[in-house]
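A.B. asks: coordinates only, sequence not included:
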């Protein structure tokens, strides 16, 4: 019987694990679980005889892939997959997939949880401000971005979308405005939400040029990847402009300096919380299980992300 490993240093919710296991077992797979592990050696031992692996933010690098001699597929339960070494996977004929869209609403709701906490001054009794009427920029307009735009529209915000090489009518159909120039967008929007994946062309994309263009009192929200931000430029701009705020679900490397110098302009979740809901756990985990079963049994690779 083929084995599928659920390897989660940060485990799925119990209900999600139960449903993932049910799907896999119904398709004839043996389910192996490695939860809350603390050493890479534990992961290396667990992967030795499995054909499939389901992970969350766990690192599946070349060493792990080489240790898994029977491995056919790795599925990242979520949209981003930069925690999996796709090049090494391709070299060993291992399919890598993600589960796009399954966590999108949960991540989008977190954006507004952080925004409301900030604009209402942490609910400390002082006068805050409202989101209605503010200009909201969403970059880019994928599954998460579309949910952010939808919720923002519900708050009465003026929504703008950006995605490189995407036709303007793609946004217009949803009732939003379109930008193909990120400099103009950063110069206009009161709130900018970063929801794009990590890639070579997005690393440190958010730099001094873009940050310094933001309107008075603007807020930058990052629910994507820390590598999108040029941290030296972020520190410089926050130092020059006490009206700007950075809210993030991914702690930057310069976290300690931000907390020390800009406690009123910076907020980060205790750990990455975007997909930390029971619903998102279940949706992404079940999708991963179904994709593994379909790939091993029929070769279906709809959400394959490596070559």
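C.D. replies: That came through fine. For clarity, every value in this text was computed on a predicted model and none was experimentally measured.

A.B. asks: now do the contacts for residue 55.
C.D. replies: For residue 55, the contact set (CB atoms under 8 Å, 6 or more residues apart in numbering) comprises 7-8, 74-77, 83-84. C-beta: built from backbone N, CA, C; applies to glycine.

A.B. asks: one more time with 7 Å
C.D. replies: 7-8, 74, 76-77 (CB atoms under 7 Å, 6 or more residues apart in numbering).

A.B. asks: tell me the one among those nearest to residue 145.
C.D. replies: Using CB to CB, residue 76 comes nearest to residue 145 of the contacts of residue 55, at 19.0 Å.

A.B. asks: looking at it, the closest one is touching residue 98, isn't it?
C.D. replies: Yes - proximity of residue 76 to residue 98 meets the contact threshold set by CB atoms under 7 Å, at 4.8 Å.

A.B. asks: which element, helix or strand, includes residue 186?
C.D. replies: Taking DSSP states H and E as the criterion, residue 186 maps to helix 182-188.

A.B. asks: ditto for residue 25
C.D. replies: Counting by DSSP H and E, residue 25 is part of helix 14-26.

A.B. asks: which helices and strands does that helix pack with?
C.D. replies: strand 3-8, strand 30-35, helix 278-298 (3 or more CB pairs under 7 Å, 6 or more residues apart in numbering; DSSP states H and E).

A.B. asks: least confident secondary structure element in the chain?
C.D. replies: None of the helices or strands of the chain scores lower by mean pLDDT, DSSP states H and E than helix 169-172, at a mean of 62.

A.B. asks: for residue 266, give me phi and psi.
C.D. replies: phi -140, psi 140 (degrees, to the nearest 10).

A.B. asks: residue 151 versus that one, what's the distance?
C.D. replies: Per CB to CB, to the nearest Å, residue 266 is found 23 Å from residue 151.

A.B. asks: could you do residue 237 as well?
C.D. replies: Distance, residue 237 to residue 151, using CB to CB: 27 Å.

A.B. asks: state the mean pLDDT of stretch 83-97.
C.D. replies: Across stretch 83-97, pLDDT averages out at 97.

A.B. asks: buried residues in it, which are they?
C.D. replies: 83-86, 88-89, 94-97 (16 or more other CB atoms under 10 Å).

A.B. asks: related to what we said a few turns ago, quick one, the helix holding residue 25 and strand 30-35 angle?
C.D. replies: Relative orientation of helix 14-26 and strand 30-35, computed by axes from the mean of the first three to the mean of the last three CA atoms, to 10 degrees: 150 degrees.

A.B. asks: renumber starting at 30 from here on
C.D. replies: Sure, I'll start numbering at 30, so the last one becomes helix 43-55.

A.B. asks: what angle do helix 43-55 and helix 307-327 make?
C.D. replies: Computed by the same axes, to 10 degrees, the angle between helix 43-55 and helix 307-327 is 10 degrees.

A.B. asks: who touches helix 43-55?
C.D. replies: Under the contact criterion CB under 7 Å, 6+ apart, helix 43-55 has outside partners 33, 35, 41, 60, 62, 83, 307, 310-311, 314-315, 318-319, 322.

A.B. asks: from these, which is closest to residue 279?
C.D. replies: Within those, distances to residue 279 taken as CB to CB reach their minimum at residue 310, with 18.7 Å.

A.B. asks: got a pLDDT number for the closest residue to residue 291 other than its chain neighbours?
C.D. replies: Leaving out its chain neighbours, the residue that sits closest to residue 291 by CB to CB, 6 or more residues apart in numbering is residue 267, at 4.9 Å. Listed pLDDT for residue 267 reads 98.

A.B. asks: what of residue 304?
C.D. replies: On pLDDT, residue 304 comes in at 86.

A.B. asks: which SS state does it fall under?
C.D. replies: Following DSSP: H, G, I helix; E, B strand; the rest coil, we place residue 304 in the coil state.
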